[in-house]
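J.: Provided below for reference: sequence and predicted model.
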Amino acid sequence: MLDKRWIILLIISYMVTDEAFADGISTRICSGKVCISEEYSKTFHTELPPVIEVELHLNQILSIDLQRRTITLNLHTVLSWEDPWIVADGKNLPVFTPFKEANLWVPDTLILNLRRRIRWDEEQGKLTTMQVTKLPGDKSAKVKEEYVSEVELGCDMDFHLYPFYNIRCDFNMTIPTKNASEIMFKSPVNGIRLADHFKFQFDSEYVMDFRPFENGLIVPSTWSSNQKYNMMRTLTGFSLHLKYRPNEAIIILYLPAFLLVVISYLSFFLTLDLVPSKVSHSVGLLLTTVNQFNSFNQNSLKGGKGPTAAAIYLLACLIFSGGCLAINVLIFRYMGDTEKVKKLNLYGGITAISSFLLFNIIYWPFVLSQI
């Protein structure tokens, strides 16, 4: 049901008449000093496609939900267009919501990857988000609709390179009921930007890159092999690119795993009369590596394209620690044969250390090249 204030304002708006500026309109519907003819069509048919001027100001990134793969934004949106069928007498004249919804043409915008609209201005008790300004001429006005909203967007998040992953989230606004020959979006210079008071509150975790879409972007509504021009839609918006800062993950995950393998290899430098100590040393470090691997799997992000980069590294460290233990068990098995024990310790140690170094030489350039 309509709020009582809206009902009262709607009744008043229909009762208001202003003969001074309504020349040429014999029968009209008015809201204050804004009038339209009864023949006004909400289909908005004109010879040339109307241009909707769009301004998008990102006020704040409110949350980043990695489990749901969403980002919640606070946005200030301004849509402006010329309507030749509106007569106004002044600047920035308010048009109350009941009159707007009952009588005026408004762009039927759609956010393509919207998960949910959390709130917008009218839900906060405001009676209008629209203003009308008279333009030169008797029957033409510029209409401006302005509101602040909180929207949750579905984003492209692939964690297979965790902790070196990137997030891309696009705000795509279009008009699904019209093709590009019927209506167009256009943005003024610096119209799509970060708000002046914007402050990135996730700076300690991510590096952010804000990229507005190029002006007058036209995209197909569906990806098919027989695209025609009437299937093209006007599109505007921006793209957010977030690059995770991996410093903490490197210190917590990679460095301990690397050190555990290095320390396990120190057993090859112990004297051969300490073979039982070499085995117990390797067992303790292997169990520590297993515990770290299990702890990571319990808390890591799921849903990437295969195992994450960190999981592969920890698994490799687990295998190398297990290999070190296997070599020391063989040394323990042949500890009565001094020559064989020496060869096993020497060549086994060289093989284990070389393999671990080779793995790191291959792993790090490949991972870094994918970032």
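T.: Done, it's in.

J.: would you list every one of the helices in the chain?
T.: Taking DSSP state H, the helices of the chain run over residues 4-15, 97-103, 247-249, 255-265, 275-299, 309-333, 338-370.

J.: next, the buried residues of the fourth one.
T.: Residues of helix 255-265 classed as buried under the neighbour-count rule (16 or more other C-beta atoms under 10 Å) are Ala257, Leu260, Val261, Ile263, Ser264, Tyr265. C-betas here are computed from N, CA, C, even on glycine.

J.: so Thr133 sits against Asn92, correct?
T.: Yes. Between Thr133 and Asn92 a contact is recorded at 5.9 Å, counting by C-beta atoms under 8 Å.

J.: who has more neighbours, those two?
T.: Taking neighbours as other C-beta atoms under 10 Å, Thr133 and Asn92 compare with Thr133 leading, 17 against 10.

J.: any idea what that one is bridged to?
T.: For Thr133, the beta-bridge partners are Lys142 (DSSP bridges).

J.: state the distance from it to Ile36.
T.: Going from Thr133 to Ile36 by C-beta to C-beta, to the nearest Å gives 15 Å.

J.: what of Leu357?
T.: Taking C-beta to C-beta as the measure, Leu357 falls 78 Å from Ile36.

J.: neighbour-wise, which of these two wins?
T.: Ile36 (23 against 10).

J.: got a pLDDT number for the most centrally placed residue in the chain?
T.: Note on the chain: the residue nearest the mean C-alpha position is Cys169, at 2.5 Å, using C-alpha atoms, centre = their mean. Confidence at Cys169, expressed as pLDDT, is 93.

J.: check the one 10 residues further on too.
T.: Each residue has a pLDDT score; the one for Asn179 is 76.

J.: numbering from 391 from now on, please.
T.: Okay, residue one is now 391; in that scheme the one you just asked about reads as Asn569.

J.: wait, it touches Arg623, no?
T.: Yes. Counting by C-beta under 8 Å, Asn569 does reach Arg623; the two are 6.3 Å apart.

J.: between these two, tell me which one has more neighbours.
T.: Higher neighbour count among Asn569 and Arg623: Arg623, with 23 against 18, using other C-beta under 10 Å.

J.: list the beta-bridge partners for the more buried one.
T.: Taking DSSP bridges as the rule, Arg623 bridges to Val609.

J.: correct me if wrong: it contacts Asn562.
T.: No. Here Arg623 does not reach Asn562: they are 9.9 Å apart, not a contact under C-beta under 8 Å.

J.: which residues does Ile508 contact?
T.: Counting by C-beta atoms under 8 Å, 6 or more residues apart in numbering, Ile508 touches Thr462, Ser539, Glu540, Val541, Glu542.

J.: and of these, the nearest to Phe659?
T.: For those, the residue nearest Phe659 by C-beta to C-beta is Thr462; the value is 54.5 Å.

J.: contacting residues for the closest one?
T.: Counting by C-beta under 8 Å, 6+ apart, Thr462 touches Ile451, Leu452, Ser453, Asp455, Ile508, Glu540, Val541, Glu542, Leu543.

J.: what's the spacing between the residue nearest to the second one when sequence neighbours are not counted and Arg505?
T.: With C-beta to C-beta, 6 or more residues apart in numbering as the measure, Thr462 is the residue that lies nearest to Leu452, at 4.3 Å, once sequence neighbours are left out. In this structure, Thr462 and Arg505 are separated by 9 Å, where distance is defined by C-beta to C-beta.

J.: so which of the contacts of Ile508 are in strands?
T.: Using DSSP state E to define strands, the subset of these located there is Thr462, Ser539, Glu540, Val541, Glu542.

J.: export those to a markdown table and tack on pLDDT and distance to Val673?
T.: Formatted as a markdown table, the ones in strands among the contacts of Ile508 follow (pLDDT from 0 to 100; distance: C-beta to C-beta, whole Å):
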| residue | pLDDT | distance to Val673 |
| --- | --- | --- |
| Thr462 | 94 | 48 |
| Ser539 | 88 | 59 |
| Glu540 | 90 | 54 |
| Val541 | 92 | 54 |
| Glu542 | 93 | 49 |
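
J.: returning to what we had before: common neighbours of Thr462 and Arg505, please.
T.: Glu542, Leu543.

J.: where does pLDDT dip in the protein?
T.: 391-417, 432-439, 509-518, 527-529, 606-621, 691-696, 761 (pLDDT under 70).

J.: now for Leu632, how many residues are close by?
T.: The number of residues packed near Leu632 is 22, by other C-beta under 10 Å.

J.: ok, it - contacts?
T.: Counting by C-beta under 8 Å, 6+ apart, Leu632 touches Ile454, Asn556, Ile557, Arg558, Cys559, Phe592, Tyr596, Val597, Met598, Asp599.

J.: so the fourth one touches Cys545, yeah?
T.: Yes. Between Arg558 and Cys545 there is a contact under C-beta under 8 Å: 6.6 Å.

J.: of the contacts of Leu632, buried ones?
T.: The neighbour-count test (16+ other C-beta under 10 Å) applied to the contacts of Leu632 identifies Ile454, Asn556, Ile557, Cys559, Tyr596 as buried.

J.: just to revisit the earlier point, I'd like the buried residues of helix 645-655 as JSON lines, with distance to Phe489 appended.
T.: Converted to JSON lines, the buried residues of helix 645-655 look like this (distance: C-beta to C-beta, whole Å):
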{"residue": "Ala647", "distance to Phe489": "66"}
{"residue": "Leu650", "distance to Phe489": "71"}
{"residue": "Val651", "distance to Phe489": "72"}
{"residue": "Ile653", "distance to Phe489": "76"}
{"residue": "Ser654", "distance to Phe489": "77"}
{"residue": "Tyr655", "distance to Phe489": "79"}
